[in-house]
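Trainee: need a 3D model of the sequence below.
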Amino acid sequence: MARLRVDFAGPHVSVQDAGRPGRMRFGVPGSGPLDRRAFTAANLALGNPAGAAGVEVSMGGLRLTCLEGELGYAVAGGGFILEHLGKRGAWSVATLRAGETLAIRPGPWGSWCCLAFAGRLQAPEWLGAQATHALSGLGGGRLAAGQVWQVDDARPVLPRAIPCPVAARPRHDIRVTLGPQTRFFAPETVETLLTAPWKVTEAWDRMGMRLAGPRIAPEAALDMASEPILRGSVQVAGDGVPSVLLADHQTTGGYPKIATVLDCELEALVQLRPRDPLRFHAVTPEAAVQIARAQAARDARYFKALEQETPRC
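Mentor: Just a heads-up that it's a prediction; the model follows:
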């Protein structure tokens, strides 16, 4: 067993696990990590189940002190900087011992990283998962200064680097499929979505990301009924400002979706930072399926290699 004290936690730092799939029909968002690839990598690098509970760290950063025990940890996602017995980068595994401090702060790139533990993080559950729904705080919860967290069955690990896949880097050219409500937009407005330069704004969190650029307001009466929403939907409100919906998105909505980001592109999207530029590139649904299958195959090979390379103490 190990105990960790939170010395500092920035905004949006929270406990996450694989989330709550299959509950959207009850009005429950899926939640889970924003960068699912990095979250899985951090867990597999420790020999954990892929969806084991860990901590998602924002650019606000995190600092922990180990009060008791010795605890292996892994950090993956973004180009964050770790301070533990000397500075080093994310995408690495090490052991934190009693009296030692681990600090995680933003580095040269990326907006989110994942901190996994070699053990079982003791955190509250909600509807069978420890993933935190940011708006309500239900689930494992946000981290705050002064809290003490316990990790059962804590074990040390051998220090090593985690390979950082190319797909982990942020991308500024994001592929989408058009629709499902392009009928609410003039053809030239759809063209603007695909040709205009966009920027990530400061108005983004686990629920969604608002973009800055030209107005792409709907040009028809918004008479659509509320319907289910997917992670990656590019939703446009009446003011013409598009938002990309993310892990904690609402389950239904009545604003039109002009496009949908390919699910396999979302990890690259969420690692963009405020004021970063991006452009949208439309692909056909058939091409989107092929792109998704190819990325899933690459991820499967990467995860399999991680599991095979993970040493046992």
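
Trainee: show me where pLDDT drops low in the stretch 201-313 of the chain?
Mentor: Scanning the stretch 201-313 of the chain for pLDDT under 70 picks out 220-223, 311-313.

Trainee: and the strands in it?
Mentor: 208-212, 227-228, 233-236, 242-245, 252-253, 257-261, 277-282 (DSSP state E, counting those that start in this stretch).

Trainee: pairing partners for the fourth one, with directions?
Mentor: With DSSP bridges as the criterion, the sheet partners recorded for strand 242-245 are strand 208-212 (antiparallel), strand 233-236 (antiparallel).

Trainee: now the shortest one, how far from the chain's geometric center?
Mentor: If I follow you right, that is strand 233-236. 18 Å (Cα atoms, centre = their mean, to the nearest Å).

Trainee: contacts for it?
Mentor: 176, 185, 193, 208, 216-218, 229, 242-245, 249, 253, 255-261, 280 (Cβ atoms under 8 Å, 6 or more residues apart in numbering). Quick note: C-beta positions are derived from backbone N, CA and C, even for glycine.

Trainee: what of stretch 266-274?
Mentor: Counting by Cβ under 8 Å, 6+ apart, 34-38, 59, 77-78, 109-112, 167-172, 174, 200-202, 204, 209, 231-232, 244, 246, 261, 278 sit against stretch 266-274.

Trainee: can you tell me which of the contacts of strand 233-236 are buried?
Mentor: Neighbour counting with 16 or more other Cβ atoms under 10 Å marks 176, 185, 193, 208, 216, 218, 229, 242-245, 249, 253, 255-261, 280 as buried within these.

Trainee: okay, helices next: where are they in the stretch 201-313 of the chain?
Mentor: 266-270, 285-309 (DSSP state H, counting those that start in this stretch).

Trainee: need the winner for burial among the ones you listed.
Mentor: Each of the helices of the stretch 201-313 of the chain was assessed for mean neighbour count using mean count of other Cβ atoms under 10 Å. The highest is helix 266-270, with a mean of 23.

Trainee: who's in contact with G60?
Mentor: So G60 contacts A9, G10, P11, H12, V13 (Cβ under 8 Å, 6+ apart).

Trainee: which pair of those residues spans the longest distance?
Mentor: Maximum pairwise distance among these (Cβ to Cβ): 9.2 Å, between A9 and H12.

Trainee: the two: who's more crowded?
Mentor: A9 (23 against 20; other Cβ atoms under 10 Å).

Trainee: which residue, other than its chain neighbours, is closest to that one?
Mentor: Of all residues not flanking A9 in the chain, L143 sits nearest, at 3.9 Å (Cβ to Cβ, 6 or more residues apart in numbering).

Trainee: SS state for A154?
Mentor: coil (DSSP: H, G, I helix; E, B strand; the rest coil).

Trainee: that one: neighbour count?
Mentor: A154: 24 neighbours (other Cβ under 10 Å).

Trainee: list the contacts for it?
Mentor: If you count contacts by Cβ under 8 Å, 6+ apart, then A154 has M1, A2, G69, E70, L71, G72, F117, A118, G119 around it.

Trainee: what ranges does the stretch 51-200 of the chain have for its strands?
Mentor: 54-57, 62-68, 70-76, 81-83, 87-89, 92-97, 101-105, 113-117, 120-121, 148-152, 160-161, 173-178, 198-204.

Trainee: the last one pairs with which strands?
Mentor: Based on DSSP bridges, the strands next to strand 198-204 in the sheet, each with its direction, are strand 208-212 (antiparallel), strand 277-282 (antiparallel).

Trainee: what's that strand in contact with?
Mentor: Residues from elsewhere that reach strand 198-204 (Cβ under 8 Å, 6+ apart): 209-213, 242, 246, 272-280.

Trainee: go with 7 Å
Mentor: Strand 198-204 has contacts (Cβ atoms under 7 Å, 6 or more residues apart in numbering) with 209-213, 272-279.

Trainee: show me which parts of it are buried, residue by residue.
Mentor: In strand 198-204, counting by 16+ other Cβ under 10 Å, buried: W198, V200, W204.

Trainee: quick check, distance from it to the centre of its chain.
Mentor: On Cα atoms, centre = their mean, the centre of strand 198-204 falls 16 Å from that of its chain.

Trainee: ok and that strand relative to strand 173-178, angle-wise?
Mentor: In terms of direction (axes from the mean of the first three to the mean of the last three Cα atoms, to 10 degrees), strand 198-204 departs from strand 173-178 by 90 degrees.

Trainee: got a list of what the nearest residue to D7 once chain neighbours are set aside touches?
Mentor: In this structure, D7 finds its nearest non-sequential neighbour in R63, 4.3 Å apart by Cβ to Cβ, 6+ apart. Applying Cβ under 7 Å, 6+ apart to R63 gives the contacts D7, F8, T101, A103.
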